[in-house]
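# Sequence first, predicted model second:
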Amino acid sequence: HERQVEEEEKLTGRLRPLPTGEKQTARVRSRKVAIVVGNAKGPGGFQAGRGEDDAKNMARNLKELGFTVTLLLNATKQEMLDAVNKSCLRSKEGDLQLFYFSGSARCVEGRNVLIPSGGDADVFATSVQVAKGAVDLRKEIIQPLQAKQGTLTMIILEAFVCSPSIQ
């Protein structure tokens, strides 16, 4: 019976008390939270693929697995950073945090960056401009999400390069 309870808890993310008399084992209450970003429109309005559809599908699947999902479609840099910030402030020990991004990305000067929606395409004409206008994956996504002790962070990227040329 304990195994059934554990399986149900894994699916729902909620703990149930075990029946009286059964062996009580230490269990950690954890939450599953996800930030799902789908950017199909890049700077200057260029079409950057199927980011929106991919993100909607991922959000639906994660909800079915018991995640609380924040879905951002065609998000600006500030919207992405705000979502990460809010998630970090709310996270607790034992939480599973997932960040999913579908959209355009680049490697600029050895750094992986996510290209936000909105803005003028000229903002991304040089590597210096990209570094300022894009989201630094390590510095602005991974490090803040991993800062809380006792949380598990997963990053899933469906990134493609279809941004305007960078000099």
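Great, that's in hand. Numbers count the residues shown, from 1 in each chain.
# residue boundaries of the strands in this structure?
Applying DSSP state E to the chain gives strands spanning 32-38, 68-73, 96-108, 111-114, 135-136, 152-160.
# what would the ones you listed look like in TSV with mean neighbour count, distance to Asp54 and mean pLDDT?
Every C-beta, even on glycine, is put in place using the N, C-alpha and C of the backbone. Output for the strands of the chain, formatted as TSV (neighbours: other Cβ atoms under 10 Å; distance: least, Cβ to Cβ, whole Å; pLDDT from 0 to 100):
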stretch	mean neighbour count	distance to Asp54	mean pLDDT
strand 32-38	24	6	95
strand 68-73	18	11	96
strand 96-108	22	4	90
strand 111-114	20	14	87
strand 135-136	19	17	92
strand 152-160	15	6	90
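# Export these to a markdown table and append columns for distance to Arg60.
Output for the strands of the chain, formatted as a markdown table (distance: least, Cβ to Cβ, whole Å):
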| stretch | distance to Arg60 |
| --- | --- |
| strand 32-38 | 10 |
| strand 68-73 | 9 |
| strand 96-108 | 12 |
| strand 111-114 | 22 |
| strand 135-136 | 24 |
| strand 152-160 | 15 |
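# between these, which gets nearest to Asn85?
Across the strands of the chain, Asn85 has its closest neighbour in strand 32-38 (10.4 Å, Cβ to Cβ).
# so what secondary structure elements neighbour the closest one?
Contacts defined by 3 or more Cβ pairs under 8 Å, 6 or more residues apart in numbering; DSSP states H and E place strand 32-38 against helix 51-64, strand 68-73, helix 77-90, strand 96-108.
# Adding distance to Glu158, write these out as a markdown table.
A markdown table is the format used below for the helices and strands packed on strand 32-38 (distance: least, Cβ to Cβ, whole Å):
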| stretch | distance to Glu158 |
| --- | --- |
| helix 51-64 | 6 |
| strand 68-73 | 14 |
| helix 77-90 | 15 |
| strand 96-108 | 4 |
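# Under the pLDDT cut-off, which ranges of the chain? List them.
Applying pLDDT under 70 to the chain flags the ranges 1-3, 5-7, 9-29, 42-48, 119-131, 161-167.
# wait, Ala59 sits on Leu71?
Yes - if you go by Cβ atoms under 8 Å, Ala59 and Leu71 touch, sitting 4.6 Å apart.
# Please tell me I have it right and Ile142 contacts Thr153.
Yes - the criterion here is Cβ under 8 Å, and Ile142 meets it with Thr153 at 7.2 Å.
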